[in-house]
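> got a predicted structure plus its sequence, pasted below:
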Amino acid sequence: MSKTRPRLRATLAVIALILAGLVAYAAIPRRADLTAFDPVETARLETLMWRHYYDKRFAALLADLYRLARDQDGFSPLDSARIAVAAARAARAFQPTTSRAEAQVAVPLLIDYFVVLARGAPEPVDVVAAARTELDWWQARREQVRPDAYGLTIAQVTSLVYGVDDVDVDVRAFGILRAQAMDFRDARGAGITEADWTAIEQQLLVAYQHLKRAVSHRTKIG
C-alpha cells in the first residue's frame, strides 16, 4: 500500500499537468488575422458548410466553421470553438423562421459570433451593426431579392468586418459573386448535383480572390 499511493499521486500529477497544458493550448490567445485566409481553402470550406447546412448536418457544419476559424483565420482552439458554436447556433435558429420578426431570434447569436470574430479584424468592429446587416441579407435571400441587390448587403458586412470600403470594386464583386453562388444553389433545389457543387466552389473561389485583393490593398495602404 505504501508504494501504491506515491505511484497514484505521481500518475495523478502527470494527468493534471497534461490537462493544464491542454487547457493552456486551447485558451492562450493567438494573433488571429481575418485577412490571412487562403481563397482556395476558404472556398472549399464554405462549400462544405453550405452542403452541411442544407442537409441539416449541424455537427458537420460546426466542424467546418471550427476549421475555418482555426486554420484560415488563426484563432485559438477555444475562440475557434466559440465562433463555430455561435455561427452554427445562429444558422440553426434562423432556419425554421418564417418572417423578419421571427428571424430576429438570430441577432443575439450573431452578435456573439461577431464579438469573437472581431478579435481578428484589422480595426474595431461595430458588432451590433454587423449582426443586423448579416441577418438582413439572410432574410433578403429568403425573400428572393435579386442576388446583385443583397450581394451589396454582403459587401456592407464585409466592410464592417474587414475595414474595407463597400464601394470598392473588389469588395462589391465579392459580395455579388457570393450572392450569385447562393442563388445558383437555390435554383438547383433538391436536384443539385456534384457538378453543381463544383461550380459553386469555383464561383466562391473567384469571390474570395476578389476579397483577398481588397484586403491586401488595404494592408499596403495602411
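Looks like it came in fine. Note that the structure is predicted; figures quoted are calculated from it, not measured.

> quick check: domain ranges of the chain?
Domain ranges of the chain: 1-30, 31-221, per automatic domain parsing.

> deepest of those, which one?
For the domains of the chain, the largest average neighbour count (mean count of other CB atoms under 10 Å) is found in domain 31-221, namely a mean of 18. C-beta: built from backbone N, CA, C; applies to glycine.

> mean confidence for that domain?
Mean per-residue pLDDT for domain 31-221: 94.

> phi and psi next, for residue 38.
phi -100, psi 120 (degrees, to the nearest 10).

> this protein: helices as residue ranges?
Taking DSSP state H as the test, the helices found in the chain are 4-27, 39-54, 58-67, 77-94, 100-103, 107-117, 127-142, 147-162, 169-188, 194-221.

> which one of those helices lies nearest to residue 33?
Each of those has some distance to residue 33 by CB to CB; the shortest is helix 194-221, at 9.7 Å.

> how near is residue 128 to residue 115?
Residue 128 sits 10 Å away from residue 115, going by CB to CB, to the nearest Å.

> please disregard the earlier target; I meant residue 49.
20 Å.

> list the contacts of the nearest residue in space to residue 200 that is not next to it in sequence.
Leaving out its chain neighbours, the residue that sits closest to residue 200 by CB to CB, 6 or more residues apart in numbering is residue 181, at 5.1 Å. If you count contacts by CB atoms under 8 Å, 6 or more residues apart in numbering, residue 181 has them with 200, 203-204, 207.

> same question, residue 89
So residue 89 contacts 109, 112 (CB under 8 Å, 6+ apart).

> change it to 10 Å
58, 62, 106, 108-110, 112-113 (CB atoms under 10 Å, 6 or more residues apart in numbering).

> now do residue 152
Taking CB under 10 Å, 6+ apart as the test, what residue 152 contacts is 137, 140, 166-167, 171-172, 175-176, 179.

> go on, residue 197?
Applying CB under 10 Å, 6+ apart, the residues contacting residue 197 are 47-48, 50-51, 185, 188.

> for the contacts of residue 89, which one is nearest residue 153?
Out of the contacts of residue 89, the member with the shortest distance to residue 153 (by CB to CB) is residue 110, at 13.8 Å.
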